[in-house]
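Novice: need coordinates for the following:
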Amino acid sequence: MKSQIQNQNQSQSNGKDTRPWWRYGYLWLVLSGPAVVVVASIATGWIALRNQDPVVDENYYQHGLDINKTLAHDRAMLPGLEGRNHAATPVQPTMP
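Specialist: Modelled structure (predicted):
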């Protein structure tokens, strides 16, 4: 106990800090950033390797055109559907 107090007094009188490197808080602040990035990159690589994207179909352009034709057909039916649905709604009285 006495030697610890003497060591502390000597370090204060010399003006030098004799603490070990892991006792500095700023060191951990500086090292934590790169450590988090390394862990995140390993996790990203793991996810990328486990969940690979499927291969794109060679005929993807034709599939896109077919989808657009179906959407155009659905839009062509829209006025008729709205008219039929609106005919079933009750008449709203107008304000004079």
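Novice: mind giving me the packing neighbours of the helix or strand encompassing residue 47?
Specialist: Following DSSP states H and E, one finds residue 47 within helix 25-50. Helices and strands touching helix 25-50, as assessed by 3 or more Cβ pairs under 8 Å, 6 or more residues apart in numbering; DSSP states H and E, are absent. (Glycine included, C-beta is placed from N, CA and C.)
Novice: now residue 28: closest residue in space that isn't a chain neighbour?
Specialist: residue 22 (7.9 Å; Cβ to Cβ, 6 or more residues apart in numbering).
Novice: what about that neighbour, distance to residue 64?
Specialist: 59 Å (Cβ to Cβ, to the nearest Å).
Novice: and the two? which has more neighbours close in?
Specialist: residue 64 (10 against 7; other Cβ atoms under 10 Å).
Novice: can you tell me the element that one falls in?
Specialist: Per DSSP H and E: helix 60-87 holds residue 64.
Novice: low-confidence ranges in this structure?
Specialist: The chain contains residues with pLDDT under 70 at 1-14, 73-92, 96.
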